[in-house]
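In: Build me a model:
(chains A and B)
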Amino acid sequence: MVGKAVTDPADLAKFREVQQLAYAAAQSVAQTLEPGVTEKQAARRIREYLLDRGVQDWFHTPFAWFGDRTAFRGFRTPLQFFPTHRRLAEGMAFILDCAPVRQGYVADIGYAGCLGTNQICEQLRDDLREYRTLIVTRVNERVPLRQIYRDVDALIARQGYDNRHRVYPGRVIAHQLSKVHSRLPKLVAAGFGLRSVQTLVGDLIVERMHHRSPLWADGELSNHPATPGLWAVEPHIAFRDVGVKFEEILVVTTTGAAYWLDDDLPHVRRWQRRVAA
Amino acid sequence: MARNVTSTDGVPLRIYESGVPGAPTVVCLHGYPDDHTVWDGVAAELAARYHLVCYDTRGAGESGVPGHRQAYRLGQLAEDLTMVIDAVSPERPVHLLAHDWGSIQAWHALSGPWLGDRVRSFTSISGPCLDHASHWLRARLRRPTPRALRELITQLVSSWYIGLFQLPLLPELLWRARLAQRVLAAAHGARSPAVADAIHGLQLYRANMLGHLANPSPGTIDVPVQVLVPTRDPFVSRSLQTDITRWVPNLAIRELPGDHWLPRSHPHTVARCVSELIDNAEGGPEARTLRRARATGRQPRRFADTLVVITGAGSGIGRATALEFAEQGAEVVVTDIEAQTAERTAQLASVLGPPASAYPVDVSDGGAVEKFGRVLLEKHGIPDIVINNAGIGMAGPFFDTTVADWERIIDVNLWGVIHGCRVLGGLLVAGGAGGTIVNIASAAAYLPTRALPAYTTTKAAVLALSQCLRGELAEAGVGVVAICPGFVDTNIVSTTRFVGLDAAEERTVRRRVSEQYHRRSFPPRRAAQEILRAVARNTAIAPITVEAKAGLLASRLTPGLLRALARANPTFR
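Out: Okay, the predicted model is just below:
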């Protein structure tokens, strides 16, 4: 069964709840991270946190990247995204990324931080703010997704950073999310939940027939304005050996208007604090 | 104002005072064969801020000439110095500035019981402490590693005259026959001494050399000391003067381009170094250059306490180079025609290294560059490395290139570099402490093509200018490096003018060429790392990418082939 564009307010509220839960997981695990902890341990903590709170399935299992792995330096194969035995040290940047499914509602979030202080990481996290504004503004203007991708690239170049979302499979900056309805077993294969992948593959097929894609990249297939529904948008930028990202749900209504599902998120609160200070 | 001070053994010493009464006192000691006039240039500069005291040491100039050799012993010379200090600054500690034999005297006086806390700082030029020198010799004889032997032999060869001076009569004859003067004339900045001074001064060597070398007794010197080492000193080697940290804990070492008579040839530079040390010793802030000189051991960051200026640093290779230098500890000052982009570079550089600054400058505007140069000097000081990076592209047939097109690209690519070398490079050369000018040329400079006649012409000119300047500035100790990048993934194409195309065609072509650059995907950061390496090695011509290297080789081996390839016509469409 293929996911349909989610626009129902009740559904949106449920998606917001799951997204809040996922960010709460990332934030609370981030606070527990100590020098010497490995990526695998961090990922397991997120997993346990979420399972304890009613998460039944995964769009993808939790990821944790430490140090220069936050910038995906030297990544050649998708297997390298999976958590390793890399240990966290003082001043090291990290990214926690998880995508839980609860009662068919999915969230996919990314949370960047550092242990102690890391000047580069702080600067990058401040600079992420412009991407959030740029993306929602351009989607609202019905600009083709491919063009927005290029605008993001131009902003990255202006800021003096590297585009790291192009390392993700398919070079995607975002992908569509929808409710997961499936009779398949709750199986996780290669880090991705079977049911979610089934939903995404269904979307892929349907969209492909319309010469569109539920994946947002810089190719010909993304040369169309955003289709209605939910998009998990994840600009990922890096400077030197530090990468940061946020990932959250962008709602595109049937009229094409776009807004971020939730503004009460850690990175947004951080920017508000910085502006206030 | 000149007057006499009588030393402890009755020999009159002539002292010359100038400058600001009440300001910190600087006592200057000349070497052999000289008199106080060796300091004329330096004193003229220092007199504006300090109380200057130069004196003729015994046997030289207007001072008395003692009758026997023992009166030239270092102990007596130290007493002379003490008497002078007592006479000119009885209350306040003084700063010493000494050259050659003057340094030997000052070192001796500082390591013995004479001066106590009467001295607040000491700048030594080309004169080692004899006790340190003796240790230096013995250490190398004890552990004759190849390097130690090389240093030893080099120094012994340089010191041939010391042996000669121990002989009776012959040195006197050589001076009287004016043969010694001829040898001396080969050294830059040397002045033919009065024959009497030269002959009296021989006693310095005869009374002190053998005794001190045989029985060294070095003491610890606690005052701040800086050693100015001329890079082309034919008499005193670097390691003989600088391998002394165990006796001089507070030591700064500066290598300055120049010959043995640095005070005469580079008075401005000597005066600047001396005032930096004095001001710091008097409680002022430590100048960046002094901090760098003080660094002992290996630096964790290669370009720490270095001032680097980069034009066109708002993007591409310029920005990457600024960031790379900042990461290696340099203070970078970036300029760009677009203020915002320069400021962004400075912001990123400040994250990686010391606080950086940005200025909007149009390099094609000579007046603007001159104005920036004045601000740079006033706010940041003398640059150590100047990188003329700003440039634009232009492609398309010669006959489609209008006069306005030519003027534009020559203004930016050639005049921009000329102004940069003239004004910013000028500051560096005038600073007298050496440094590097880097001009970003292009592999196009040696790869002719019908596709880029205007661009190639300007870049070939930049390469030629760099090589001429390199020849001219070698004696000033300033390196000139020409960088020939090749295809580096920057935004140069987006500012390239494609002549002979309308706006829409130009946009399409720009995007297509841009994509090709992107596919080549040679990141600006790698180019920047190559530039740092070229600066460290003072490479004359540094091609960066493989195609730039192959092109340079081909331009030397098979220029005919390149001329044939120049006929190839990429239409860009």
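In: List the residue ranges of chain A that fall below the pLDDT cut-off.
Out: Along chain A, the model assigns pLDDT under 70 to residues A:1-5.
In: Strands along that one, start to end?
Out: A:57-66, A:93-102, A:105-106, A:109-114, A:162-163, A:174-177, A:188-189, A:192-193, A:215-216, A:229-233, A:236-239, A:242-245, A:248-252, A:258-260 (DSSP state E).
In: ranking those by burial, who's on top?
Out: Highest mean neighbour count among the strands of chain A (mean count of other C-beta atoms under 10 Å in any protein chain shown): strand A:242-245, with a mean of 28. No exception for glycine: its C-beta is placed from N, CA and C like everyone else's.
In: Show me what that strand is packed against.
Out: strand A:93-102, strand A:109-114, helix A:119-127, strand A:236-239 (3 or more C-beta pairs under 8 Å, 6 or more residues apart in numbering or on different chains; DSSP states H and E).
In: Dump these to JSON lines, plus distance to B:Ser7.
Out: Output for the helices and strands packed on strand A:242-245, formatted as JSON lines (distance: least, C-beta to C-beta, whole Å):
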{"stretch": "strand A:93-102", "distance to B:Ser7": "69"}
{"stretch": "strand A:109-114", "distance to B:Ser7": "68"}
{"stretch": "helix A:119-127", "distance to B:Ser7": "60"}
{"stretch": "strand A:236-239", "distance to B:Ser7": "66"}
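In: Out of these, which gets nearest to B:His200?
Out: Checking the helices and strands packed on strand A:242-245 against B:His200 by C-beta to C-beta gives helix A:119-127 as the closest, at 63.2 Å.
In: Which elements pack onto the closest one?
Out: By 3+ C-beta pairs under 8 Å, 6+ apart, helix A:119-127 packs against strand A:109-114, strand A:236-239, strand A:242-245, helix A:266-276, helix B:339-352.
In: before we move on, back to that, which of the helices and strands packed on strand A:242-245 sits closest to B:Ile153?
Out: helix A:119-127 (49.8 Å).
In: which of the residues in the closest one are buried?
Out: Within helix A:119-127, the residues that count as buried by 16 or more other C-beta atoms under 10 Å in any protein chain shown are A:120-125, A:127.
In: got it, and stretch B:60-72?
Out: Neighbour-count burial for stretch B:60-72 [16+ other C-beta under 10 Å]: B:60-61, B:63-64, B:66, B:71-72.
In: how about the residues of the stretch 351-500 of chain B that lie near chain A?
Out: Contact residues (C-beta under 8 Å from any C-beta of the partner chain) of the stretch 351-500 of chain B with chain A: B:351-352, B:491.
In: which residues of the stretch 451-573 of chain B fall in helices?
Out: Listed in chain order, the helices of the stretch 451-573 of chain B (DSSP state H, counting those that start in this stretch) span residues B:453-473, B:503-520, B:524-537, B:546-557, B:559-565.
In: Mind telling me which of those the model trusts least?
Out: Ranked by mean pLDDT, these end with helix B:503-520 at the bottom, a mean of 87.
In: and it, how far out from the chain's middle?
Out: 44 Å (C-alpha atoms, centre = their mean, to the nearest Å).
In: which residues are in contact with it?
Out: B:487-494, B:496-498, B:501, B:545, B:572-573 (C-beta atoms under 8 Å, 6 or more residues apart in numbering or on different chains).
In: neighbouring contacts of stretch B:55-65?
Out: B:2, B:5, B:7, B:11-16, B:27-30, B:32-37, B:66, B:71-72, B:76-77, B:80, B:84, B:101-102, B:105, B:194, B:196-197, B:200-201, B:203-204.
In: Torsion angles phi and psi at B:Cys129?
Out: Main-chain dihedrals, B:Cys129, degrees, to the nearest 10: phi -80, psi 130.
In: Hmm, it is touching B:Trp107, no?
Out: Yes - under the criterion of C-beta atoms under 8 Å, B:Cys129 makes contact with B:Trp107 at 3.4 Å.
In: higher neighbour count, the two?
Out: Between B:Cys129 and B:Trp107, counting by other C-beta atoms under 10 Å in any protein chain shown, B:Trp107 is the more crowded of the two (30 against 27).
In: Is the more buried one in contact with B:Ala133, as I believe?
Out: No - contact criterion C-beta under 8 Å: B:Trp107 and B:Ala133 do not qualify, at 9.5 Å.
In: Now do the same contact list for the closest residue to B:Gly434 other than its chain neighbours.
Out: The shortest distance from B:Gly434 to any non-neighbouring residue, by C-beta to C-beta, 6 or more residues apart in numbering or on different chains, is to B:Gly477 (3.5 Å). Residues near B:Gly477 by C-beta under 8 Å, 6+ apart: B:231, B:256-258, B:433-435.
In: of the residues you listed, buried ones?
Out: Buried among the contacts of B:Gly477 (16+ other C-beta under 10 Å): B:256-258, B:433-435.
In: what number of residues lie near B:Leu169?
Out: 7.
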